[in-house]
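Novice: with the sequence up front, the predicted model follows.
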Amino acid sequence: MEEGNKTNVNSLKDIMLTDAKGNKIPLSAIARFESGSGPVEIKREDKKRIIKVTAGIAEGFALGDVVRDLNERIKKEVSIPEGYEYSFGGQATQMTDTVVQMAKAMLLALLFMYMILASLYNSLTQPLILMLSVPLAIIGSFLALLITGQQLDIMAMIGFLMVLGLVAKNGILLIDFTNKMRGEGMSARDALLHAGPVRLRPILMTTFAMIFGMLPLALGFGESALRTQSMPIAVIGGLITSTFLTLVVIPVVYEWAEGRKK
């Protein structure tokens, strides 16, 4: 059919069809033609008809908060007919997928970290003691994001992954020197009291070097820097809390664990 006749009702009525006996019959003989309104196009996804509603997020609002509030209002105020459903797409779906993938990456990172430390120290408990610095760092990262008003986005999650490797080195510096002193005959407490002051300086030097290196990115100089600002803020927050809490928590847990062995 010519393009010009596709919008002509009479042309549609005259379309000839062939029946089972080979006879030609017009479409108007078996169909009823009515005028009405309908969608310009019909979109489908996974074999289901869909209607997309797009919207933007105003400045100052977080994507996660908007999605949560919309879900609550839809459940309270909208009566969805049977056979209909709604879902969020676009950035909301991407964020959900990203959170799942980053969570898997963090679990793998922790698993590999434990395996390496277990083989290094020939112990199953000492790697767990060292990894206590990880939750302390994550708490600091969340607090830093909360204080600065940053969103929990993909860049912040990359910052979490960076923190995992950075904070472990503080505990390694402390525990490694403590084990060395214990090998020379010191008790666990004496070895920790000796290792603390000796290792404090290199721990603080490496931590502050990383913090000051991240500071220009955290301050967000330039428009492009604002897009990645949450990553350095998460790293700085995690380093600050883990560094100072690690110097207290890890020695206490180490001595407690060694005492239980006796």
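Specialist: Everything's here; your move.
Novice: name the SS class of the residue most central in space within the chain, please.
Specialist: Central residue of the chain (CA atoms, centre = their mean): Val99, 3.0 Å from the mean position. Of the three states, Val99 takes helix according to DSSP: H, G, I helix; E, B strand; the rest coil.
Novice: surely it meets Ala156?
Specialist: No - using CB atoms under 8 Å, Val99 is not in contact with Ala156, being 10.7 Å away. For glycine as for every other residue, the C-beta is placed from the backbone atoms N, C-alpha and C.
Novice: which neighbours do those two share?
Specialist: Both Val99 and Ala156 lack any common contact, where contact means CB atoms under 8 Å, 6 or more residues apart in numbering.
Novice: so the nearest residue to the residue nearest to the centre of the chain once chain neighbours are set aside versus Phe221, what's the distance?
Specialist: Counting by CB to CB, 6 or more residues apart in numbering, the nearest residue to Val99 once its immediate chain neighbours are dropped is Met157, at 7.3 Å. Here Met157 is placed at a distance of 23 Å from Phe221 (CB to CB, to the nearest Å).
Novice: what does Glu72 give?
Specialist: Glu72 is 38 Å from Phe221, by CB to CB.
Novice: of Met157 and Phe221, give the one with the bigger neighbour count.
Specialist: Taking neighbours as other CB atoms under 10 Å, Met157 and Phe221 compare with Met157 leading, 22 against 11.
Novice: mind listing what that one touches?
Specialist: Thr98, Val99, Met102.
Novice: burial check on the last one, number of neighbours?
Specialist: This points to Met102. Residues lying near Met102 (other CB under 10 Å) number 16.
Novice: is it true that it touches Leu161?
Specialist: Yes - between Met102 and Leu161 a contact is recorded at 7.3 Å, counting by CB under 8 Å.
Novice: on that earlier part again, mind telling me what element the residue nearest to Val99 is part of?
Specialist: Assessed by DSSP states H and E, Met157 sits inside helix 154-183.
Novice: name the residues of that helix that are buried.
Specialist: Within helix 154-183, the residues scored as buried using 16 or more other CB atoms under 10 Å are 154-164, 166-175, 177-179, 181-182.
Novice: can you give me the distance of Ala195 to Leu136?
Specialist: Distance of Ala195 to Leu136, given as CB to CB: 19 Å.
Novice: neighbour count: the two, which is higher?
Specialist: Ala195 (23 against 19).
Novice: rewinding a little: of the contacts of Met157, closest to Tyr84?
Specialist: Val99 (27.1 Å; CB to CB).
Novice: pLDDT value on that closest one, please?
Specialist: pLDDT, Val99: 77.
Novice: likewise for Ala225?
Specialist: Reported pLDDT for Ala225: 66.
Novice: Arg49 now?
Specialist: We note a pLDDT of 85 for Arg49 in this prediction.
Novice: got the contact list for it?
Specialist: For Arg49, the contacting residues are Ile42, Lys43, by CB under 8 Å, 6+ apart.
Novice: after the helix or strand hosting it comes which helix or strand?
Specialist: If you go by DSSP H and E, Arg49 is part of strand 48-50. Next along the chain after strand 48-50, taking DSSP H and E as the criterion, comes helix 63-77.
Novice: how about Val9, what does it touch?
Specialist: So Val9 contacts Phe33, Ser35 (CB under 8 Å, 6+ apart).
Novice: all good on my end, thank you.
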